[in-house]
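Enquirer: Sequence plus the predicted model coming up.
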Number of protein chains: 2
Amino acid sequence: MNNFTFYSPTLFSFGRGEADNVGALVRRFGGSRVLLVCGGGSVRKNGAYDGVTASLAKAGLPFTELSGIQPNPRSGKVYEGIDLVRRDKLDFILAVGGGSVIDTAKAVGMGAPYQGDFWDFFTGKAPIERTLPVGTVLTISAAGSEGSDSCVITQEKGSLKWGCPKTDVIRPKFSVLDPSFTCSLPPYQTASGAVDMIAHICERYFTNTPDVALTDRLAEALIRTILDAAPKALQNPGDYAARADLMWAGMLAHNDSCGVGREQDWASHQIEHELSALYDCAHGAGLAVVMPAWMRYVSGHDPMRFAQFAARVFGLETDYAHPEITAARGIACLRDTFRAWGMPVTLEELGAKPEDIPALIAHRREKPGAFPFGKFVSIGPEEMEAILRLACEQ
Amino acid sequence: MNNFTFYSPTLFSFGRGEADNVGALVRRFGGSRVLLVCGGGSVRKNGAYDGVTASLAKAGLPFTELSGIQPNPRSGKVYEGIDLVRRDKLDFILAVGGGSVIDTAKAVGMGAPYQGDFWDFFTGKAPIERTLPVGTVLTISAAGSEGSDSCVITQEKGSLKWGCPKTDVIRPKFSVLDPSFTCSLPPYQTASGAVDMIAHICERYFTNTPDVALTDRLAEALIRTILDAAPKALQNPGDYAARADLMWAGMLAHNDSCGVGREQDWASHQIEHELSALYDCAHGAGLAVVMPAWMRYVSGHDPMRFAQFAARVFGLETDYAHPEITAARGIACLRDTFRAWGMPVTLEELGAKPEDIPALIAHRREKPGAFPFGKFVSIGPEEMEAILRLACEQ
């Protein structure tokens, strides 16, 4: 286990009806004038918008609204939010929605008190030293941004989908997690969220760091829970218990509980960012295609780790003479699970084209320090191409 | 799953050499004059005391020392610490040691800014509204107080070993966890700590709350890790990886990661507090005696939950026709594990006497709201006696 710092100071208020407390929470964390960030119409249908605005009104908190945030959130809305904060002298950013809404809120929070372009934080031109306080009311389980130290935005000039450097400064002050808001999510979005959570865990699980028994077991516990809960939520969208497991698992999958003290990989996310930048696909759907292909490509690097994954997550018996066989069976189980959930597992199923592979790699090159990426196995342009070729047929 | 609030704002700095940062951490969390709380000689032998005082000196932080804290910490030292804080106008409490030292520091932290007797917080006469900031440098893995919202002190008048009401106000600002400080711990203390961790998890695991799949799996992951790591640390005290697993597991066992959204029991702790108040035994050793007896007494209340424990923690095959048989085998495995670690598992092995049972129950009666306690199964005086009788022979 490596040395680490773990600091997750977000207050989580979890369960049915907890959004009623959002006004009090904003007050508790020093807010008096709120930028309310939200997406399209779903928060008005699932009750979140009404609950939150009623709670703000009850607490006597005026707010300005920044709505219409789209999946794979764009820089344009961030600039718009920064302008609103300055115009109306707002001091608290409240995100009501999923990962895209929360990431937009985080970017507005860091950009508003900064004199330059907020994108400087993403290019590394400026360090993130402070932010306006951010709170969230989560309505989609997946991204984990409600408890995380990360933020991903697509810069419209050049379709660059980049993350800012991870920093505890941008962790939300509080997050309200009411699973009942997610009961109206369509199956595709539910499945996509579950894949994203599993990916967040796997990016941490596949590591070269020795002596990580504890975080391995926590990671396996989370994945098994997601594998149990996701099909229940797909079959019966109103299954509160399954929705609750998914919602809390999504937070734990990305607040670094499973990642402390170990080298993390993140290659699949890097490759997927190119897919969603080009095709605007759901992040989880892109990961359902990339991650099994990445696993097949890298499993030879440490077959025993993949055999452990197969045995402990899917309950497969280990072939001790040939652990690589167990490893391959575990990867196939994961792919089949994604497929059974209605997720694409090939580029074609995602709506992507094999002939675009060179363009995906060329686009990646525009990023500073584009290659190599990934820590478990180092990925250069050739490896990225090989993984995308494997993703053509799975 | 029940609604819950989870707020664990403690910063954890984990790994070899991290105590070098303690001065900077005290500064970061607003300290300028420190009360350094520690125990007997062990922190001077394992390097913690020298590392911490050097770091404080480097940060230009003066300190006053409150040393000689004993296991099952007494109120006398709390009063002494409060006097020192007031005399020297100190503004930060730094605990260097194990759970007893940390709990003393927490009690001083809540008592110093309060006009009345700090014991008022324990009797319920006054609510805990504020505290001086507390930081910790952990040198014994077990109590979990380094990340918890709880504090247990023995009031010398009447040997009352009581906990204050749980409150996020008293969670430490930071905790430095360097596993190498624990490499010099004697086997009895190591085993006692491991039992305490398992007890912290089991008090949460055995619950009547339905739909707790996720926290069940997290709890099982932690217990399995402790079962793997403890014998390694007993066999080879210098095994850093095992010490690291135990240290981080001890924190997670008690910061409520496994307890959120579910009714918790805590009956075994209540019974054990009477044992350690009377015999001054190690808390973990007392729990090794009480917990298997409590399990035998209550398992009929929900044999399937105990069968799940047996299957998932000890890998036993479930007897589906007779889950109570699997349940009993799992409890026996836990008792045998404690015994193999050199722990007492009967009252006699602990140095306690069956003829003292009435006195233990009579002493319990002195506590406000003494009976019933326990949530999984409600424990009155008769049930407490029955459990202690079972603890005579295991």
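Expert: That came in fine, so what should we check first?
Enquirer: in chain A, which helix or strand is least confident?
Expert: For chain A, using mean pLDDT, DSSP states H and E, the weakest element among its helices and strands is strand A:160-163, scoring a mean of 88.
Enquirer: residues of that strand that come out buried?
Expert: A:160, A:161, A:162 (16 or more other C-beta atoms under 10 Å in any protein chain shown). Any C-beta I mention is one placed from the backbone N, CA and C, and that applies to glycine too.
Enquirer: That one - contacts with which helices or strands?
Expert: Packing contacts for strand A:160-163, counted by 3 or more C-beta pairs under 8 Å, 6 or more residues apart in numbering or on different chains; DSSP states H and E, involve helix A:120-123, strand A:152-155, helix A:267-279.
Enquirer: for the first one, the distance to its chain's centre please.
Expert: How far helix A:120-123 lies from its chain's middle: 19 Å, per C-alpha atoms, centre = their mean, to the nearest Å.
Enquirer: Now that helix: average pLDDT?
Expert: What helix A:120-123 shows for mean pLDDT is 95.
Enquirer: Then stretch A:265-274?
Expert: The model assigns stretch A:265-274 a mean pLDDT of 96.
Enquirer: same question, stretch A:56-70
Expert: Stretch A:56-70 comes out at a mean pLDDT of 97.
Enquirer: got it, and stretch A:312-329?
Expert: Mean pLDDT, stretch A:312-329: 97.
Enquirer: domains for chain A, by residue range?
Expert: With domains defined by automatic domain parsing, chain A comprises A:11-182, A:187-390.
Enquirer: what's the angle from the longest helix along chain A to helix B:213-235?
Expert: Secondary structure of chain A per DSSP state H: the longest helix is helix A:213-235. Angle of helix A:213-235 versus helix B:213-235, following axes from the mean of the first three to the mean of the last three C-alpha atoms, to 10 degrees, is 170 degrees.
Enquirer: hmm, helix A:213-235 touching chain B?
Expert: Yes. Contact between helix A:213-235 and chain B is present through A:213, A:214, A:217, A:218, A:220, A:221, A:222, A:224, A:225, A:228, A:229 (criterion: C-beta under 8 Å from any C-beta of the partner chain).
Enquirer: Tabulate those residues (TSV), appending pLDDT and neighbour count.
Expert: Formatted as TSV, the residues of helix A:213-235 next to chain B follow (pLDDT from 0 to 100; neighbours: other C-beta atoms under 10 Å in any protein chain shown):
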residue	pLDDT	neighbour count
A:213	97	20
A:214	98	27
A:217	98	23
A:218	98	28
A:220	98	21
A:221	98	28
A:222	98	28
A:224	98	20
A:225	98	24
A:228	98	16
A:229	98	25
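Enquirer: Give me the distance from stretch A:384-394 to the chain's centre.
Expert: Chain-centre distance of stretch A:384-394: 23 Å, with C-alpha atoms, centre = their mean.
Enquirer: which parts of it are buried?
Expert: A:384, A:387, A:388, A:390, A:391, A:394.
Enquirer: what about the residue in chain A sticking out farthest from the centre, distance to chain B?
Expert: Most distant residue from the mean C-alpha position of chain A: residue A:321, 37.2 Å away (C-alpha atoms, centre = their mean). To chain B, residue A:321 is 22 Å away according to C-beta to the nearest C-beta, to the nearest Å.
Enquirer: Over to that residue. Which of the three states is it?
Expert: With DSSP: H, G, I helix; E, B strand; the rest coil as the basis, residue A:321 sits in coil.
Enquirer: Tell me which residue is most central in chain A.
Expert: Within chain A, and using C-alpha atoms, centre = their mean, the residue nearest to the centre is residue A:143, at 2.8 Å.
Enquirer: Quick one: residues contacting the residue lying closest to that one once chain neighbours are set aside.
Expert: Leaving aside its chain neighbours, residue A:143 sits nearest to residue A:99 (2.4 Å; criterion: C-beta to C-beta, 6 or more residues apart in numbering or on different chains). Residues near residue A:99 by C-beta atoms under 8 Å, 6 or more residues apart in numbering or on different chains: A:140, A:142, A:143, A:144, A:145, A:283.
Enquirer: List just the nearest of those to chain B.
Expert: Chain B lies nearest to residue A:144 out of those, by C-beta to the nearest C-beta, at 14.5 Å.
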